[in-house]
Each structure stands twice: as structure tokens, then as C-alpha cells.
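[1] Sequence first, then the predicted structure:
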Amino acid sequence: MAQKENGSKRRLRSSYITSVISISLVLFMLGLTGLLILNANQLSNYVKENIGVSIILKDNVKEVEIRRLQKNLDATEFVKATEFVDKETAAKELQKELGEDFISFLGYNPLQATIDVKLYAEYANPDSIAVIEKDFTRYSQVQEVYYQKSLVHLVNDNVKRISLILLGFSAILFIISFTLINNTIRLSIYSQRLIINTMQLVGATRGFIRKPFIGKGLLHGFLGALIANAMLSGVIYLSQQELRQVITFNNTELVGVLFLLIILTGLFITWISTLFAVNKYLRLESRSLY
């Protein structure tokens with residue numbers, strides 16, 4: 001008899017551990033999606049701000065005028081950064097890319113000095129860049145403004161598309177997460193259906209029977225959320241080490257809100273799932289339990 005009870009306790013303990021692990025893994029996936037959403041805008045800005053606009057300068061422009069132009073550009077609200085590339089530097093970079101000395105072949109350097117401009121993300125769209133291009137060409141030192149129009153359109157279209165896909169994926173993942181946690185809790189309570197029936201037979205009220213199950217469910221949800229948050233903290237740390245330029249988590253308040261939401265989500269899903277599962281077996285007749 002004692003061995004049977006010990007075996008039953010071990011199975012029950014194993015069921016609890018499985019439940020907590022399952023909940024933590026599902027909440028971890030939800031948390032990863034949350035982190036991705038938090039950084040989606042930052043990733044979008046990173047891509048947009050790396051779209052280069054090249055201002056090709058006239059041959060007779062003096063260095064003093066170039067520096068003055070560069071300062072004027074830096075002072076505008078839409079320019080994030082500028083970099084002056086003289087003819088010699090441009091030639092060296094092209095030689096490195098081509099792998100041959102084209103200057104010796106041609107007998108002269110055909111390249112022109114340029115100012116490479118990086119725009120702020122909110123201005124890195126086709127309409128804004130078209131207006132900025134006209135603004136740049138007004139300067140007397142500028143011969144031509146060059147940028148890849150097709151790339152600008154492609155980046156902006158893909159950012160919108162990815163945002164919609166991400167929102168849809170988040171909604172689907174939440175539904176799947178709810179279903180997985182709900183099924184895990186249902187299986188856990190199914191193994192205790194006879195205990196529920198026995199408590200009913202001795203006259204226990206439904207509220208009295210629900211209380212310990214809901215308490216354990218909330219505890220499992222809380223523990224699962226803590227484990228999920230611990231794993232997410234590891235992901236954040238590794239991301240900061242390996243992808244610092246692309247992904248940052250400087251806004252600790254938002255990360256804290258995400259962790260709190262994971263805990264609340266774990267508590268809510270386990271509470272509602274436990275409530276429905278226990279109520280199901282409270283309504284069943286004794287002969288339907290087998």
C-alpha cells in the first residue's frame with residue numbers, strides 16, 4: 001500500500017514538473033515574440049538608416065567649400081551622419097573591390113569626390129528622399145545626387161509586410177500557447193479526476209474543491225513564467241554581446257513590462273484553464289470518469 005502511495009506521489013510530482021516545464025517553454029516562445037516586436041522598429045530603423053545617399057561633387061570645388069557644405073548638411077533635421085570621400089580614397093576602395101589597378105590602365109582617376117549621407121529612418125522613404133534630393137541639388141558644389149531608388153522602395157515595402165506578418169504570427173502563437181498550456185493542465189487534472197469525485201461524494205463544495213487546484217495552477221504558472229523570464233534574460237544578454245549594433249535593450253522599462261506581462265499571462269492562462277478543467281470533472285457523473 002505504501003509503495004502504491006509512493007508511486008502515486010512520484011507520478012503526481014512528475015506531472016507537476018512536466019506542467020511547469022511545458023508552461024515555461026510556451027511562455028518563453030511568447031516572450032521571444034515580444035522581444036522581437038519590441039525590436040522590430042529598431043531593426044527597421046537600422047536598415048533604413050543604412051541606405052546611403054551619395055552627393056557627387058563638382059571637380060573644381062575647394063576643400064573649404066566641401067567642409068562648409070558638410071557642416072550645412074549635418075545641421076539639417078533629416079541628416080543623421082555625413083562622410084566625405086575624396087577622389088583618392090574612392091579610387092583605393094574601388095581598386096580593392098575590383099582587384100586591379102584601373103587608374104594605371106586608364107591613365108587618370110575618373111572618380112569624383114563625394115559626401116556619403118545617412119538619413120534618419122523617418123526620412124528614408126521614397127517621397128521624403130525625392131524632396132531631399134531636390135534640396136541637395138540646390139547647392140552650387142553639387143553635381144549629382146545618387147541613391148538606389150529600387151532599394152528604398154524594396155526596404156520600405158518589406159518593412160510594412162514584415163510588420164503585418166509579425167502581428168499575425170504573434171496572434172497565432174498566443175492561440176497555440178493558450179491551447180498547449182490548457183491541454184497540459186487538462187491532462188494534469190485528468191489524473192486527479194477520481195480525487196475530485198471522491199471529494200464530491202463526501203460533501204465538499206465545488207468552491208472548496210476548486211481552491212487547491214487553482215492554487216497549484218497559479219503556482220505552476222508563476223514558476224513557469226519565472227523560468228521563461230530567466231531564459232529570456234539569457235537571450236537578451238547574448239544578443240547584447242553578439243548583436244549590439246542591431247539589437248539593443250536600453251529601454252529597461254519596456255523589458256520590465258514584457259517580463260511582467262509574461263508573468264500575468266502565465267497566471268491568467270493557468271487560472272482559466274484550471275477553472276474550466278476542474279469544472280468539467282465536477283459536472284461529470286461517476287460512471288463517466290472511467
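    Yep, it's here. The structure displayed is predicted, hence computed values, not measured ones.
[2] what residue ranges in the stretch 151-290 of the chain score low on pLDDT?
    In the predicted model of the stretch 151-290 of the chain, residues 242-251, 284-290 satisfy pLDDT under 70.
[3] Okay, helices next: where are they in it?
    Using DSSP state H, counting those that start in this stretch, the helices of the stretch 151-290 of the chain run over 193-201, 206-242, 252-283.
[4] and these as TSV, adding distance to Lys87?
    No exception for glycine: its C-beta is placed from N, CA and C like everyone else's. What follows is the helices of the stretch 151-290 of the chain, written out as TSV (distance: least, Cβ to Cβ, whole Å):
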stretch	distance to Lys87
helix 193-201	83
helix 206-242	38
helix 252-283	46
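[5] Nearest to Lys118 among those would be which one?
    With respect to Lys118, and counting by Cβ to Cβ, the nearest of the helices of the stretch 151-290 of the chain is helix 206-242 at 23.3 Å.
[6] what's the burial count for Phe61?
    Let me fix one detail, which is that residue 61 is Val and not Phe. 17 (other Cβ atoms under 10 Å).
[7] my read is it is in a strand, agree?
    No. In this structure, Val61 is coil, not part of a strand, as judged by DSSP: H, G, I helix; E, B strand; the rest coil.
[8] Remind me which helix or strand the most centrally placed residue in the chain belongs to.
    Centroid check for the chain by Cα atoms, centre = their mean gives Leu36 as the closest residue, at 0.5 Å. Per DSSP states H and E: Leu36 is located in helix 2-48.
[9] Next secondary structure after that helix?
    Defined by DSSP H and E, the subsequent element after helix 2-48 is strand 52-57.
[10] Report the rounded mean pLDDT for that following strand.
    Averaging pLDDT along strand 52-57 gives 85.
[11] Run through the neighbouring helices and strands of it.
    helix 63-75, strand 114-119, helix 126-137, strand 142-146 (3 or more Cβ pairs under 8 Å, 6 or more residues apart in numbering; DSSP states H and E).
[12] which sections of the stretch 1-150 of the chain are below the confidence cut-off?
    1-16, 94, 97-99, 101-110.
[13] Now do the contacts for the residue nearest to the centre of the chain.
    Leu36 makes contacts with Leu166, as judged by Cβ atoms under 8 Å, 6 or more residues apart in numbering.
[14] Show me which positions of stretch 21-37 end up buried.
    22-31, 33-35 (16 or more other Cβ atoms under 10 Å).
[15] okay if I get those as JSON lines plus distance to Gln112?
    Listed next are those as JSON lines, based on distance: Cβ to Cβ, whole Å:
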{"residue": "Ser22", "distance to Gln112": "63"}
{"residue": "Ile23", "distance to Gln112": "62"}
{"residue": "Ser24", "distance to Gln112": "59"}
{"residue": "Leu25", "distance to Gln112": "57"}
{"residue": "Val26", "distance to Gln112": "58"}
{"residue": "Leu27", "distance to Gln112": "57"}
{"residue": "Phe28", "distance to Gln112": "53"}
{"residue": "Met29", "distance to Gln112": "52"}
{"residue": "Leu30", "distance to Gln112": "53"}
{"residue": "Gly31", "distance to Gln112": "51"}
{"residue": "Thr33", "distance to Gln112": "48"}
{"residue": "Gly34", "distance to Gln112": "48"}
{"residue": "Leu35", "distance to Gln112": "45"}
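[16] from those, which two are the most distant?
    Largest pairwise distance in those, by Cβ to Cβ, is 20.7 Å, between Ser22 and Leu35.
[17] sorry, back to before: ok, which of the helices of the stretch 151-290 of the chain comes nearest Ile51?
    Once the helices of the stretch 151-290 of the chain are compared by Cβ to Cβ, helix 206-242 is nearest, at 23.7 Å.
[18] between the closest one and helix 252-283, how many degrees?
    Angle, helix 206-242 to helix 252-283, by axes from the mean of the first three to the mean of the last three Cα atoms, to 10 degrees: 150 degrees.
[19] I'd like to know which elements helix 206-242 is packed against.
    helix 2-48, helix 149-190, helix 193-201, helix 252-283.
[20] Quick one: distance of the shortest one to the chain centre.
    I take that to be helix 193-201. Distance of helix 193-201 from its chain centroid, counting by Cα atoms, centre = their mean, to the nearest Å, is 45 Å.
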